[in-house]
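Peer 1: Sequence plus the predicted model coming up.
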Amino acid sequence: MMPILLPWLSWLMWMSPLASDQVAARQEQKVATSEPPVYRLDTSTITRPDHLIQPARRPGQAQVAVVIDDLGHNFSRDAMALQLPEAVALAVLPGSPAGPKIAEMGAKQGRSILIHLPMQGEDMGNTEPGTLTMGMSMSEWQQHLADALIAVPQATGINNHQGSVLTAEPLAMQWLMQAIKQEGGLFFLDSRTTSESVAYRTARRTGLPVLSRRVFLDHETEEPAMQAAFDEWIRLARREGQAIAIAHPHSLEWLAGRLSTLESQGVTLVPLTTLLPSAVIARSTGQSDAPHERALLPSPQ
Ligand SMILES: [Zn+2]
């Protein structure tokens, strides 16, 4: 009971003026010790680099975006992601050896960079450094988030690595979204590693720009299964106007070949930030009415 209660009590303390001063002091410290970000999203206007602004799409043209997750443990393999079209976003593990370097290189190309923030899943046997868990205090979460932003200052977004336990906990997600919002200039992408995730709806209630993954392209590594997932991604985009997919470093070569077929299928690959629903956020009621909440695909932990 205590390990569960303690974080919530700490959260109440975090909301106090004294705790806010501590957070402000930490942020000042962070500014002093880190390089300035290459660019950060302004949550009120959702800006993006000029060269990534897409021309007006043809009426009815479906849009797709894709993120490469889990980058940072194998530079020579993961750097292949830099060869993909520049609309492809990169999600780097902030505590990994090569993640910060790949983020830096990707940002110079104008890509969206995400912090692939490790969160508690069902299997805690092989966890990343800095994993957010239920047993931590709010201040520990703040510190992990601050550390991640120092390691990857180019990040404009955050998505969850694993997290099937944590993203299903409403109060934990309330903590997280408040902390991310307090950092400013960031959006959240719910990787949806569990159909029980409340991350998307909690982010909306918090007023944080948020997106949601629809398809894992390479959860199953056999090519016919990946092709089926790719076809499903296109089908969803055509049906709903847009769809976000996640892929992983082991399928980069396959993905490069498949992405080159999108235009001929009448689907446009766009930067992830193009799909940020700023208008939806402005009139958010906190209700879970997004199309992604329906017909979820099976997903890994
Ligand atoms: Zn991951």
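Peer 2: That came through fine.
Peer 1: what about the residue in the stretch 201-301 of the chain that the ion sits nearest to, how many residues close to it?
Peer 2: Residue nearest to the ion within the stretch 201-301 of the chain: H248 (7.5 Å; Cβ to the ion). (Each C-beta comes from the backbone N, C-alpha and C, glycine too.) Residues lying near H248 (other Cβ atoms under 10 Å) number 21.
Peer 1: P97 too?
Peer 2: The tally of other residues near P97 (other Cβ under 10 Å) stands at 11.
Peer 1: Next up, the contacts around it.
Peer 2: Shown in contact with P97 (Cβ atoms under 8 Å, 6 or more residues apart in numbering): 72-73, 75.
Peer 1: quick one: it is in a helix?
Peer 2: No. Using DSSP: H, G, I helix; E, B strand; the rest coil, the secondary structure at P97 is coil, not a helix.
Peer 1: could we number from 888 for the rest of this?
Peer 2: Noted, 888 is the first residue going forward, which turns the last one into P984.
Peer 1: how near is M1021 to the ion?
Peer 2: Distance, M1021 to the ion, by Cβ to the ion, to the nearest Å: 19 Å.
Peer 1: quick one: that residue is in a helix?
Peer 2: No. Under three-state DSSP, M1021 sits outside any helix and is assigned coil.
Peer 1: The ion contacts on the chain?
Peer 2: Proximity of the chain to the ion (Cβ under 5 Å from the ion) is limited to residues 956-957, 1048.
Peer 1: Work out for me the element the residue nearest to the spatial centre of the chain sits within.
Peer 2: Residue closest to the average C-alpha location in the chain (Cα atoms, centre = their mean): N1046, at 2.4 Å. Following DSSP states H and E, one finds N1046 within strand 1044-1049.
Peer 1: who's in contact with S983?
Peer 2: Counted by Cβ under 8 Å, 6+ apart, S983 has contacts 958-960, 1015.
Peer 1: Out of the residues you listed, who's the most crowded?
Peer 2: Among the contacts of S983, the one with the most neighbours (other Cβ under 10 Å) is L958, at 30 neighbours.
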